[in-house]
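**Student:** Below are the sequence and a predicted model; questions follow.
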Amino acid sequence: MTTTVQGAEPDILCHGLVRIFSTEGVEVQALQGLDLRVERGDVVAIVGASGSGKSTLLSILSGLDRPTGGSAVVAGTDIGAMSRTDRVRYQRHTVGFVWQQTSRNLLPYLTAAENIAVPLVLSGAKARAKRVDELLALLGIEHCRGRRPEQMSGGEQQRTAIAVALANRPRVLLADEPTGELDDATSAEVLEALRGVSERLGVTVLVVTHDPTVSEHVRRTVQIRDGRTSTEVLRRTERDDSGAEVHVAEEFAVLDRTGRLQLPEDFVSALDLRERVRLALETDHVGVWPDGAARTASDADGATGARGSDGSTAASARRPRRRDLRGEGDDG
């Protein structure tokens, strides 16, 4: 399991991030006040439907784009305040990037070793041969040293791309759909490679993906919906009463600094929530009802959210199924 550095400043911190694109007089708001915090050394997956804003977020964090509003700080660097020179230095030393397409990661006429050496040459690094050897061994691709991309499998190509991204020892590794063109078995190998480099090198890894198997390889999955973080799944390992190791996953709704949260789509559908809902503040939770159903509950209990003789509330009785949706403050 990934080990984060406690007490350290987060490697990724976004507050109220906004990105608006204007085309022929039409404005599209790709990010709508997104908050995100990723601790140093963590491995986090960003998931979401097409158009949710996840790729826009990655473009900003990589320094390829600038936010329209809000702030994004990566490894102590304020993305919005960078000059052109700062941006080159940032992309060369602070972040590494892995694209989905091999053609964007590797030069087709160079071998694996030569591709890894390119960023080292551009940055003027010393002991380049030693660093190339270290990364070939770390990613398990020593046998690809003299092979060009066309002579490698898809998994070997992506592991070589990870080595290229790590060449100059970045603090943060960003990956955009790194398993999008791979089969399930190869995808698992690449995701394990990303987790492995985080554990061994202390690199913070942020993966944007639609791959449903990613949950098995990361501690935290963040879902983006309509330009904001909506839910998170946190995973941990515990031991049951018999001493056996079990994996536990908890889902949380994300509460932003203004008190907003997005209910999961299946909750909304299950209760047929529309336009407006009724809320009741209880001792240890908040009840949410469809407008019409809330009136029925109020009539039956004498007041919205009234407690029954057994101490239960209408909110708890109407919950479609047990699920933890506690707010997580600013953790997006």
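**Tutor:** Nice, thanks for sending it over. Numbering: from 1, shown residues only.
**Student:** buried set for stretch 48-55?
**Tutor:** Judged by neighbour count using 16 or more other CB atoms under 10 Å, the buried positions of stretch 48-55 are Gly48, Ser52, Gly53, Lys54, Ser55. (Each C-beta comes from the backbone N, C-alpha and C, glycine too.)
**Student:** What does the pLDDT read for the first one?
**Tutor:** Put plainly, it is Gly48. On pLDDT, Gly48 comes in at 83.
**Student:** Helix or strand for the closest residue to it other than its chain neighbours, just tell me which one.
**Tutor:** Nearest residue to Gly48, sequence neighbours excluded (CB to CB, 6 or more residues apart in numbering): Ile224, at 3.9 Å. Ile224 is part of strand 220-225, with elements assigned from DSSP states H and E.
**Student:** what sits up against that strand?
**Tutor:** 34, 36, 42-49, 52-54, 57, 214-215, 229-235, 254, 262, 332 (CB atoms under 8 Å, 6 or more residues apart in numbering).
**Student:** related to what we said a few turns ago, residues near the residue nearest to Gly48, how many?
**Tutor:** Neighbour count of Ile224, defined by other CB atoms under 10 Å: 26.
**Student:** Report the beta-bridge partners for it.
**Tutor:** On the basis of DSSP bridges, Ile224 is bridged to Thr229.
**Student:** before we move on, back to that, now, which of the buried residues of stretch 48-55 lie within strands?
**Tutor:** In strands, judged by DSSP state E, none of the buried residues of stretch 48-55 are found.
**Student:** so what are the domain limits for this structure?
**Tutor:** With domains defined by automatic domain parsing, the chain comprises 12-233, 263-332.
**Student:** Now render these as JSON lines, adding distance to Glu250.
**Tutor:** Shown next, in JSON lines, are those (distance: least, CB to CB, whole Å):
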{"stretch": "domain 12-233", "distance to Glu250": "7"}
{"stretch": "domain 263-332", "distance to Glu250": "5"}
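**Student:** And those domains, which one averages the lowest pLDDT?
**Tutor:** domain 263-332 (a mean of 61).
**Student:** Run through the strands of the protein in chain order.
**Tutor:** 12-23, 26-38, 43-47, 69-74, 77-78, 95-98, 172-176, 204-208, 220-225, 228-239, 245-253, 277-281, 286-290.
**Student:** Pick the most deeply packed of those strands.
**Tutor:** Highest mean neighbour count among those (mean count of other CB atoms under 10 Å): strand 204-208, with a mean of 26.
**Student:** who does that strand pair up with?
**Tutor:** strand 43-47 (parallel), strand 172-176 (parallel).
**Student:** okay, now Ala163: neighbour count?
**Tutor:** 27.
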